[in-house]
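Peer 1: no sequence for this one, just the structure:
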């Protein structure tokens, strides 16, 4: 059984692992090692590196995909609009606690009293009392007076500041385009090279998501990164326009008080689950493993919390992109998830969030399949899908058994790679009810989703090949003879 599972790529867990690729991990051998250690999807961070390097990385993933005979998900993460200060005399300056510091439109080099702020849009929106967080919040400035050419602040938390450090503005919606010129070029590159998901950074409002969707044009799925308080305020609207969301705790933790982030994470995960949209928890999950072969106990608990909450995927950033122990980071995350999902109390905890089905036949049947799996002993749910909608509906219910997703579309198979509990297999389409039953049973056996004598649930839509028409739930028993007459 174990050998079959390894051949088929059948994971022993339902939550997915998204690994970021970078200097420490973009070689073909390392990417394959990460996949075999448990990575289900790979993130290409467009904030760093050149297009030539990213193209080679994507090509390597696709070659490994053919080798392992399983769709592999590629997510290209756009940098988004990043606010930065200008430059200083000598490259840095010391801003003392309690001192006044000015950000202005004078392009001369800055000092301990002032610096150029190359973002004219900020001068018209900031008000007295607003915060400016510099260098990931290491320096905190409070606005005293905002004028058309200068912003006078008081340094609530001072410190050393150097050239082009980032600035976060948590108390205002900044009138910046959702996609910069660089983002548009990176987006075109990602779509040309077949990215399955596009991650949109620094989303502030639903209009940002709508603009990105228009540019993507259905060529990839869209994940909105929730990393600003303004996005949290309009989360339901953003969810409606997105295919998925990511709890990007890096910038979210800068712009919010640290103690506010854990409940916010839980609220975002719950909201996404209720809406039936995948949700990824990201940033600093195993941060110490950038340089250490083992994580801290607190980091293990952090990953476990996301798994207990029912997140679709957990993400590794610098741990795999630039760390000394990328394979070990994936391996320990895999083991944590397996341990949590084998906890007898996991089922109750993961269903703490109530996911009520929409008033559609497809949603009702998806909920019914999860209920059947709780009532009757079955080994798996097998669903046929063209667009992936059936798989999304079924996995939304967090059934107690794994979900084998059969699709004739390689694009759909790859996008499904971020869905909780879903194992995509690309296969020929079916044309009749009898063929559906026969192929469902055969694939369940071939990919170790059941053995002789086991029962499994089969879901599909009639007429076959019609997206969004799920209207059949069928329980079958596997005999073991179904593998005769092999086909794809």
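Peer 2: Looks like it arrived, so ask away. What you are looking at is a predicted structure, and each value in this text was computed from that prediction instead of being measured.

Peer 1: CA only for contacts and neighbour counts going forward, please
Peer 2: OK.

Peer 1: Assign residue 458 to helix, strand or coil.
Peer 2: Look at residue 458: counting by DSSP: H, G, I helix; E, B strand; the rest coil, its state is strand.

Peer 1: pLDDT score assigned to it?
Peer 2: According to the prediction, residue 458 has pLDDT 95.

Peer 1: Likewise for residue 431?
Peer 2: For residue 431, the pLDDT comes out at 85.

Peer 1: nearest spatial neighbour of it, skipping sequence neighbours?
Peer 2: Leaving aside its chain neighbours, residue 431 sits nearest to residue 464 (5.9 Å; criterion: Cα to Cα, 6 or more residues apart in numbering).

Peer 1: Give me the distance between the one you found and residue 388.
Peer 2: 14 Å (Cα to Cα, to the nearest Å).

Peer 1: I'd guessed residue 292 sits against residue 326; true?
Peer 2: No. Taking contacts as Cα atoms under 8 Å, residue 292 lies outside contact range of residue 326: 10.3 Å.

Peer 1: Same drill for the two, tell me which one is more crowded.
Peer 2: Between residue 292 and residue 326, counting by other Cα atoms under 10 Å, residue 326 is the more crowded of the two (29 against 16).

Peer 1: I'd say that one and residue 25 touch.
Peer 2: Yes. Taking contacts as Cα under 8 Å, residue 326 lies within contact range of residue 25: 7.2 Å.

Peer 1: OK, contacts around the spatially most central residue of the chain?
Peer 2: Closest to where the C-alpha atoms of the chain average out (Cα atoms, centre = their mean) is residue 280, at 3.8 Å. Applying Cα atoms under 8 Å, 6 or more residues apart in numbering to residue 280 gives the contacts 244, 245, 246, 247, 311, 312, 313, 314, 315.

Peer 1: what lines up beside whichever strand or helix holds it in the sheet?
Peer 2: Remark: residue 280 resides in strand 279-282, with elements defined by DSSP states H and E. Under the criterion DSSP bridges, strand 279-282 sits next to strand 244-248 (parallel), strand 313-316 (parallel) in its sheet.

Peer 1: could you dump these to a markdown table with mean neighbour count, distance to residue 439 and mean pLDDT?
Peer 2: Output for the strands paired with strand 279-282, formatted as a markdown table (neighbours: other Cα atoms under 10 Å; distance: least, Cα to Cα, whole Å; pLDDT from 0 to 100):
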| stretch | mean neighbour count | distance to residue 439 | mean pLDDT |
| --- | --- | --- | --- |
| strand 244-248 | 25 | 30 | 97 |
| strand 313-316 | 26 | 29 | 98 |
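
Peer 1: what's the closest of those to residue 262?
Peer 2: Nearest to residue 262 among those is strand 244-248 (10.5 Å), distances taken as Cα to Cα.

Peer 1: Other residues contacting the closest one?
Peer 2: Contacts of strand 244-248 (Cα under 8 Å, 6+ apart): 222-227, 239, 265, 268-269, 272, 277-283.

Peer 1: Regarding the residue nearest to residue 431, what is its secondary structure?
Peer 2: Applying three-state DSSP: residue 464 is coil.

Peer 1: And it, how far from residue 446?
Peer 2: 22 Å.

Peer 1: How many neighbouring residues does the nearest residue to residue 141 once chain neighbours are set aside have?
Peer 2: With Cα to Cα, 6+ apart as the criterion, residue 141 has its nearest non-adjacent residue at 4.6 Å, and that residue is residue 155. Residues near residue 155, counting by other Cα under 10 Å, number 21.

Peer 1: Likewise for residue 94?
Peer 2: Count around residue 94 with other Cα under 10 Å applied: 13.

Peer 1: so which strand or helix has it?
Peer 2: Short version, using DSSP H and E: residue 94 is in strand 92-95.

Peer 1: Quick one: list the elements packing against that strand.
Peer 2: strand 159-162 (3 or more Cα pairs under 8 Å, 6 or more residues apart in numbering; DSSP states H and E).

Peer 1: quick one: buried residues of the strand it packs on?
Peer 2: 161, 162 (16 or more other Cα atoms under 10 Å).

Peer 1: Give the pairing partners of the helix or strand following it; include direction for each.
Peer 2: Using DSSP H and E, the helix or strand that follows strand 159-162 in sequence is strand 167-168. Partners of strand 167-168 in the sheet, by DSSP bridges, are strand 131-134 (antiparallel).
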